[in-house]
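S.K.: sequence plus the predicted model coming up.
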Amino acid sequence: MASSPSSETVRGLFEPVKTPNEAVDRLAQLYDRATQALRGAVERFLNEGEPPSAATRSLFRYPELRLTYKPNGAAPPNARAYAKFSEAGVYTTTVTQPQEFRAYLLEQLEPLVSEYGASIEVGVGAQEIPYPYVIESGDELTRGGADAAGLARYFPSPSLATVGDETADGEFVHGDERPLALFDAPRVDYSLRRLVHYTGSDWRAMQPWVLLTNYHRYVDQFFQWGLKQLHSGEGVEKVILPGNVVIDRSLSRQEAEARATAVAWHRFQMPAYHIVRSDGRGVSLVNIGVGPANAKNITDHLAVLRPHCWLMVGHCAGLRQSQLIGDYVLAHAYLRRDNILDDAVPLMMPIPAIAEVQVALQEAVAKVTGDRGEALKRRLRTGTVVTNDDRNWELRWSKERRLINISRAIAVDMESATVATQGFRMRVPYGTLLCVSDKPLHGEIKLPGAANAFYERAIAEHLQIGLAAIGLLQSIDASLHSRKLRSFDEPPFR
């Protein structure tokens, strides 16, 4: 069995680079060299049974980025929430897919060099690249009678010991080096593969502006909107559906709709749909299904892509007599009864509303509905949303009644608080706009006939409001990344 070299013997020399562009170029070179060596070794093993030598295995390592900050005087003042140092020191992270993340890396590195005078070094890190992360399809790994256990004897494989959220959760220990980013390369690679599995499309298709919904009915409206944008000269290049089905301008509307109808979206737990724009301002819609477990799952993985925003647009139960079916709820606060993030973000921690998102959602409701003043207040209610992990919370009404009463909650759902708490935890701007689909406290329960009538009437408008809010937020993306999402002791990268 080929032994794995110790980190002390394999960590390569770090070379200084002058500019952020040179740094990303060097990261890409090292990453390509490592992944090509790993792929080639796996091929030789599958074809010829030849395991890699210790020297060959030492090539299978992520590149590492190091920044050194030695201030001369006070740190430069700026109101930016990211790309800033909290104190002097050496900051490091391993990097995966540097070419795909090039724009993000440059966005972070350039201010750290130009404003803070940080010096950059790039080299080979100590973390091995697990072999499944460089094989785009797993089918070929069964050749020659190979199995996962056999491959793991000779090649680095995913290990839970190297994947975690300690940095995001503030559990990292200061040593000679500090974390440069919230997620290192193994954590990112783990989530990239999870995204493919759950959403049914290549992770590269995911756009930086994300709508999350808990009903598949929103998908049809999103797809139709995407088609309209595709053929209207609005900058949309293509629409990507689950299974990596691509629709572009070469297809007629009839052909596009036929292709969409044939998509086997039900094969994927949380199918995603992507409207890709040439200016990078595309939007993705993910049908996360029902429940806080799904909400945490998908946001755990979306977070590594560092999206600009995720918004929850789903249905809820209205709790006030004055609410009508089809009214909107803009969450200003959350009563967390989801019971899934209590350890990572204790219940005593407030989840603040992001002012820019709240304003955009309210303006979007006014824009799409045409309501203003008192008419808007009647249609849009702001307040506390209860997120419950029990869909049949009504059956324990005697226990839930007091909490709903003293919290002054105006709606109940199963995902919104989880999505918001994950946004707070992962430093991703977040917001919630729900649509009242039933009022169980007032005898208006969700029955098939009434539900279908509501769906037909409300979903198109609700989706347009979510898209309009994203349009408003895209004009202020520099200020959207709020400082309230960051602590005094943050990694420099957003």
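M.R.: Cool, got the structure.
S.K.: now do the strands in the stretch 301-450 of the chain.
M.R.: 309-318, 328-337, 380-388, 409-413, 430-438 (DSSP state E, counting those that start in this stretch).
S.K.: remind me what the last one packs against, helices and strands.
M.R.: Counting contacts by 3 or more CB pairs under 8 Å, 6 or more residues apart in numbering; DSSP states H and E, strand 430-438 packs against strand 309-318, strand 328-337, helix 355-369, strand 409-413, helix 416-426, helix 448-474. C-beta here means a position set from N, CA and C on the backbone, and glycine is covered the same way.
S.K.: so which of these is nearest Thr261?
M.R.: Distances from Thr261 to each of the helices and strands packed on strand 430-438 were compared by CB to CB, and the smallest falls on helix 448-474, at 18.4 Å.
S.K.: tell me how far the helix or strand following the closest one lies from the chain's centre.
M.R.: Stepping forward along the backbone from helix 448-474, the first helix or strand reached (DSSP states H and E) is helix 477-480. Averaged C-alpha coordinates place helix 477-480 at 17 Å from its chain's average position (CA atoms, centre = their mean, to the nearest Å).
S.K.: pLDDT below threshold where in the chain?
M.R.: Low-confidence segments of the chain, defined by pLDDT under 70, span residues 1-12, 137-146, 174, 442-456.
S.K.: make it 80
M.R.: Within the chain, the set of residues satisfying pLDDT under 80 comprises 1-12, 136-150, 172-175, 441-457, 477-478.
S.K.: adding distance to Val113, write the strands of the stretch 301-450 of the chain out as CSV.
M.R.: Listed next are those as CSV, based on distance: least, CB to CB, whole Å:
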stretch, distance to Val113
strand 309-318, 27
strand 328-337, 39
strand 380-388, 42
strand 409-413, 44
strand 430-438, 30
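S.K.: list just the one of those strands that sits closest to Gly200.
M.R.: For the strands of the stretch 301-450 of the chain, the distance to Gly200 is smallest for strand 309-318, at 18.4 Å, taking CB to CB.
S.K.: these two touch, right, Val412 and Gly383?
M.R.: No - applying CB atoms under 8 Å as the test, Val412 and Gly383 come out as separate, 11.9 Å apart.
S.K.: quick one: which of these two has more around it?
M.R.: Val412 (26 against 16; other CB atoms under 10 Å).
S.K.: residues touching that one, list them.
M.R.: Cys316, Ala317, Leu319, Val385, Val386, Thr387, Asn388, Trp393, Ile404 (CB atoms under 8 Å, 6 or more residues apart in numbering).
S.K.: closest to Arg80 out of those residues?
M.R.: Set against Arg80, the nearest of those by CB to CB is Val385 (30.4 Å).
S.K.: quick check: the closest residue to that closest one other than its chain neighbours vs Asp413, distance?
M.R.: Setting aside the residues directly before and after it, Val385 is nearest to Ala331 in space (CB to CB, 6 or more residues apart in numbering), at 4.3 Å. When distances are taken as CB to CB, to the nearest Å, Ala331 and Asp413 turn out to be 9 Å apart.
S.K.: between the two, which contacts overlap?
M.R.: Common contacts of Ala331 and Asp413, defined by CB under 8 Å, 6+ apart, comprise Val385, Leu434.
S.K.: enumerate every residue touching Arg253.
M.R.: Counting by CB under 8 Å, 6+ apart, Arg253 makes contact with Leu227, His231.
S.K.: next one: phi and psi at it?
M.R.: With angles defined as degrees, to the nearest 10, Arg253 sits at phi -60, psi -40.
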